[in-house]
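>>> turn this into a model:
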Amino acid sequence: MNRIETKILNCSAVSEAEKAMVFAARLTQRGHLIHNMKDLIRLYHQSFTNDTIRDMGRLPHPAIQKFAVITVAVVGASRRFLSQITRHQNEVKFMSASLQYSNYSGEADFVQPYEILAAPAPIQKLYKKSCQADMDAYEHLCKGGISHDSAGYLTPQGLRNVLLISATPYQWKHMIGQRSCRRNTDEMRIVILNIWKDLYDLSPSLFLPELTGPFCQRGKCMEGKMSCKHPVAQSLTPADILLQDYPLLKEGDNS
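Prediction:
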């Protein structure tokens, strides 16, 4: 599960999201002071502090966090991750590498699940051998004239993929809260925690743990009887959680 990389492609959108959120909140309270476009632009450029961002983020008005779109690239996550994360459709857009148009003959690489990464060498070898056998059959079909689209049905779920995800800050917080929960697969948590780390590094005030992390970290588990009964401490940052839950992944590896 190493060699999975995440990156915010439009970093300026994070600061734009902060500015738009504060501006939208102020606009609702100061309409009586805006008589022309000059007044509105003056309000738009009015300064604010990190405390203001945190206060605005705590408001029960998600609309103010929907005036910017942050795009993240994920390189190396599996197609199983793709099938799971794309269940989020509300105000989220996805674009993935296509099995129909991409030819993986001789180019395939596979995600190694964290549990297998921690297993003895014979188990790791068996996993890789099984994945490669599927891709050998894929290549055989492609050489026999079968389309990449049809041969793609043979590709294993562990096949590495490339994915773009665009979402508003509010939806990023929702996805992070839901998908960083320990009830998810290790790969899902690792990818989401790394995305959260990227966002947190740019704006610790907008993406602070108490408003962004797994729901147990925010104060209440949402899983009911399915709870892991092992809540994440409120003080932990995404980097802390990665180090605590996935020590085999080297710090700074962005795996």
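
>>> where exactly do the helices run in the stretch 1-150 of the chain?
12-29, 37-44, 50-58, 79-85, 114-117, 121-143, 148-151 (DSSP state H, counting those that start in this stretch).

>>> same list (these) but as CSV, adding mean pLDDT, distance to residue 223 and mean neighbour count.
In this view, the C-beta of every residue, glycine as well, is placed from N, C-alpha and C. Listed next are the helices of the stretch 1-150 of the chain as CSV, based on pLDDT from 0 to 100; distance: least, Cβ to Cβ, whole Å; neighbours: other Cβ atoms under 10 Å:
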stretch, mean pLDDT, distance to residue 223, mean neighbour count
helix 12-29, 96, 29, 18
helix 37-44, 97, 41, 12
helix 50-58, 94, 24, 16
helix 79-85, 96, 16, 18
helix 114-117, 94, 20, 16
helix 121-143, 96, 29, 14
helix 148-151, 93, 38, 16
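
>>> pLDDT wise, what is the residue in the chain sticking out farthest from the centre at?
Residue farthest from the centre of the chain, counting by Cα atoms, centre = their mean, is residue 35 at 41.3 Å. Note for residue 35: predicted pLDDT of 97.

>>> how far away is it from residue 199?
Separation of residue 35 from residue 199 (Cβ to Cβ, to the nearest Å): 37 Å.

>>> what is the burial count for residue 49?
Neighbour count of residue 49, defined by other Cβ atoms under 10 Å: 10.

>>> wait, residue 45
9.

>>> again, but for residue 36
Neighbours of residue 36 using other Cβ under 10 Å come to 8.

>>> now swap in residue 159 and tell me
Residues near residue 159, counting by other Cβ under 10 Å: 23.

>>> kindly state the beta-bridge partners for it.
In this structure, residue 159 bridges to residue 110 when assessed by DSSP bridges.

>>> over to residue 8?
residue 72.

>>> give the contact list for it.
Taking Cβ atoms under 8 Å, 6 or more residues apart in numbering, we find residue 8 in contact with 14, 70, 71, 72, 198, 199, 202.

>>> can we see that at 10 Å?
14, 70, 71, 72, 73, 195, 198, 199, 201, 202 (Cβ atoms under 10 Å, 6 or more residues apart in numbering).

>>> among those residues, which one sits closest to residue 81?
Distance to residue 81, by Cβ to Cβ, is smallest for residue 195 among the contacts of residue 8, at 11.7 Å.

>>> measure that closest one to residue 19 for me?
Residue 195 is 21 Å from residue 19, where distance means Cβ to Cβ.

>>> so where do the strands sit in the stretch 101-250 of the chain?
For the stretch 101-250 of the chain, the strands defined by DSSP state E, counting those that start in this stretch cover 160-167.

>>> I'd say residue 177 and residue 223 touch.
No. The criterion here is Cβ atoms under 10 Å, and residue 177 misses it with residue 223 at 12.0 Å.

>>> between those two, which one's more packed in?
Taking other Cβ under 10 Å, residue 177 and residue 223 do not tie; residue 177 has more neighbours (20 against 13).
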